[in-house]
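> Below is the sequence, then the predicted model.
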Amino acid sequence: MYFEAELVCKSYIPDELELGMYFLNYITVGILEPYPELWELKEIPEDMDKFMSINGCPVNLYIVDDEDNELATPDEIAYFDKGDEYETLDIITLKEINIIFQEYDGWLDLEIDEHYYENYNEIVAFIYDDMATIRYLQEEIEEE
């Protein structure tokens, strides 16, 4: 069972920069509507302060509900469901994350634990191998 949730970025000030950290830019040149683009640090700059004055602080990804309750932490955001035609789950990539930000305004579907939802009316991410599963936001077709 999937639940509509939002992927958000929360910035933080690190003690030092590390490979793999995420940074968020807004692309504005030559377009009417700026759009976010997440990118990964591939090499450590010599001057951390100068680098962050240009690129901002690194960000962590969280999945929250519409009341900003945390549903999944950065360490849990990993599996991506590409749909019924695929038999396995993949590890999410920056490409898919950026599609979620750019085409779905950060909204996605998070797989939730049906037991908690049905018995306690609680939204709890379904965690498999310490990881949550997400997919692109699906439009539900109302039955008549």
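Cool, the structure landed. From a predicted model like this one, the values you see are computed outputs, not experimental measurements.
> now the strands: where do they sit in this structure?
2-11, 22-27, 35-40, 59-64, 70-72, 77-80, 90-91, 107-111, 127-128, 131-136 (DSSP state E).
> Select, out of the ones you listed, the one closest to residue 119.
Ranking those by proximity to residue 119 (CB to CB) places strand 2-11 first, at 15.4 Å. All C-beta atoms are positioned from the backbone trio N, CA, C, and that covers glycine.
> Report pLDDT for the most centrally placed residue in the chain.
Nearest to the geometric centre of the chain sits residue 7, at 4.2 Å (CA atoms, centre = their mean). Per-residue confidence at residue 7 stands at 97 (pLDDT).
> How about residue 140?
63.
> on contacts alone, who are the packing partners of the helix ranked longest in the chain?
When the chain is parsed with DSSP state H, its longest helix is helix 94-103. For helix 94-103, the packing partners by 3 or more CB pairs under 8 Å, 6 or more residues apart in numbering; DSSP states H and E come out as strand 2-11, strand 35-40, strand 131-136.
> buried sites along that helix?
96-97, 100-101 (16 or more other CB atoms under 10 Å).
> What of stretch 10-23?
Using 16+ other CB under 10 Å as the test for burial, stretch 10-23 gives 17, 21-23.
> And for stretch 45-52?
Residues of stretch 45-52 classed as buried by neighbour count (16+ other CB under 10 Å): residue 52.
> What mean pLDDT does that stretch get?
For stretch 45-52, the per-residue pLDDT averages 96.
> Show me the contact partners of that stretch.
16-17 (CB atoms under 8 Å, 6 or more residues apart in numbering).
> can we see that at 10 Å?
11, 13-17, 23, 41, 44, 53-55, 58 (CB atoms under 10 Å, 6 or more residues apart in numbering).
> Export the residues you listed as a markdown table, with columns for distance to residue 136.
Written out in a markdown table, the entries for these read as follows (distance: CB to CB, whole Å):
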| residue | distance to residue 136 |
| --- | --- |
| 11 | 25 |
| 13 | 32 |
| 14 | 30 |
| 15 | 35 |
| 16 | 35 |
| 17 | 31 |
| 23 | 23 |
| 41 | 26 |
| 44 | 33 |
| 53 | 35 |
| 54 | 32 |
| 55 | 28 |
| 58 | 25 |
